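Trainee: Can you look at this prediction? I've put the sequence above it.
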Amino acid sequence: MCRFDEAWIGVCKADGEPYCEKHLISCVSCGEQATHSCDATGQFCCGQPLCDNCEHTYRSNGCSGGLSFYEPATLPEGLKEHCKKSEQVYLMWMYKDILDNDEYKIIEETDEFVTLEWKTQPLKLSRKQWDTYKNQEVGSGI
Ligand SMILES: [Zn+2]
Ligand SMILES: [Zn+2]
Ligand SMILES: [Zn+2]
């Protein structure tokens, strides 16, 4: 059964192993086999195919952009609408809120990622996002 995860719809489940014909598609960011469609939403839902290592690029205001008529925030230099998770530069606005107001501790640090323990779920940030937060270049939120 196809295990492609469609944003806002769920797992495809059509015939095909591991993906049905329709879902033998490449990640728009890196070209690997896509595993799901992007669930980022503005006024529109993104829906582009992505693999597990990539996601919608956060803009300087901490929102995933390109999905609304009015686009005030800019993409980080050198990045497209989608990027590897390790390439994210800006922090999602919700994470900034969490880091500002909640207790957390660092449970793992690598060259690419910083993983924080927060309530019951770990928050995995790219090192660039972490540095951005530390330097407070997070923009004015939404
Ligand atoms: Zn499918
Ligand atoms: Zn990818
Ligand atoms: Zn997207």
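Mentor: Structure received. Numbering: from 1, shown residues only. Ligands and ions are numbered 1, 2, ... in the order given.

Trainee: Using just helix, strand and coil, how would you label residue 129?
Mentor: Here residue 129 is recorded as helix under DSSP: H, G, I helix; E, B strand; the rest coil.

Trainee: Measure how buried it is and give me the count.
Mentor: Other residues lying near residue 129 total 26 when counted by other Cβ atoms under 10 Å. In this view, the C-beta of every residue, glycine as well, is placed from N, C-alpha and C.

Trainee: Next: residue 46.
Mentor: 20.

Trainee: Tell me how far the spatially most central residue of the chain lies from residue 67.
Mentor: Residue closest to the mean C-alpha point of the chain, counted by Cα atoms, centre = their mean, is residue 55 at 3.6 Å. Residue 55 is 14 Å from residue 67, where distance means Cβ to Cβ, to the nearest Å.

Trainee: ranges for the strands of this structure?
Mentor: For the chain, applying DSSP state E gives strands covering 5-6, 10-11, 36-37, 49-50, 54-56, 82-84, 105-109, 113-118, 121-126.

Trainee: give me the beta-bridge partners of the residue nearest to the centre of the chain?
Mentor: When bridges are called by DSSP bridges, residue 55 pairs up with residue 83.
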